[in-house]
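> Task: produce atomic coordinates for the following.
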Amino acid sequence: MLVAVVVLLFNLGSSSPKAASVAAPLTPPIPASRPVAAATGKAHGKKVSPATRSLDPTLRYDWLKASEDTKYEGTGRNIFMTQAEIPQPIAPAKTPDDLEAEKGPPPPPPPPPINLKFFGFASKPGEAKKIFLSEGEDVFIAAEGEVVNRHYKVLRISPTSVEIEDVLNNNRQSIPLTAG
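Alright, predicted model coming up:
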């Protein structure tokens, strides 16, 4: 019995906490929620020694400063909402035929310009003011309200221009006085 007590005391003495702490230093287990960089011993491209991962309770000002300078950029997702965003349905691609159908028929072409040139006045006392118009080599004399060349109607005569209407196309145009 004496031998059994001695062996028991010897075994208890060799498994004391002092002997275990001297034999192997304590390192904290790396939790699964930590980033891969911390688990591999690297943080932001810098190697982290086991001493920096210790359970030292002292306040590290350099770590606090690094965390203050970190800016959250996010992905646009609201982290405070419990519901997931509903994705918007993607519209099918439109074919050229669909695009033409949406546009409808092409707009009608603009009316042709009035090719008359206004180059002078003719007025006698007591008569309506008349103007000289030319189209190519043809010269026309007209007063307000008259039709020129069976195509153009003189609407209004002013000292610097004349307003002409194309009777066939319902197009109105103001023609300035030109020299020559």
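> gap between residue 127 and residue 144?
12 Å (C-beta to C-beta, to the nearest Å). Using the backbone N, CA and C atoms, a C-beta is placed for each residue, glycine as well.
> pLDDT of stretch 117-124, averaged?
For stretch 117-124, mean pLDDT rounds to 83.
> can you list the residues that contact that stretch?
129-135, 141, 161-162, 175-180 (C-beta atoms under 8 Å, 6 or more residues apart in numbering).
> make it 7 Å
129-134, 141, 161-162, 175-178, 180 (C-beta atoms under 7 Å, 6 or more residues apart in numbering).
> Out of these, give me the one that has the most neighbours.
Using other C-beta atoms under 10 Å as the neighbour test, those are led by residue 131, with 24 neighbours.
> Ramachandran coordinates for that one?
phi -130, psi 160 (degrees, to the nearest 10).
> In the sheet, which residues pair with residue 162? Tell me.
residue 157, residue 175 (DSSP bridges).
> so it sits right up against residue 173, yeah?
No. Counting by C-beta atoms under 7 Å, residue 162 stays clear of residue 173, with 9.6 Å between them.
> re the thing from before, between residue 127 and residue 144, which is the more surrounded one?
residue 144 (15 against 9).
> so that one makes contact with residue 153?
No. At 9.4 Å, residue 144 does not count as touching residue 153 under the criterion of C-beta under 7 Å.
> any idea how far the residue nearest the centre of the chain lies from residue 11?
By C-alpha atoms, centre = their mean, the chain has its centre lying nearest to residue 76, at 15.8 Å. Residue 76 sits 63 Å away from residue 11, going by C-beta to C-beta.
> For residue 133, see how far away residue 62 is.
Residue 62 is 90 Å from residue 133, by C-beta to C-beta.
> One more: residue 119?
8 Å.
> how about the lengthiest helix in the chain: buried residues?
Looking across the chain with DSSP state H, the single longest helix is helix 2-14. Of the residues in helix 2-14, none is buried by neighbour count under the rule 16 or more other C-beta atoms under 10 Å.
> Help me confirm that residue 173 is found in a helix?
No. Counting by DSSP: H, G, I helix; E, B strand; the rest coil, residue 173 falls outside a helix, being strand.
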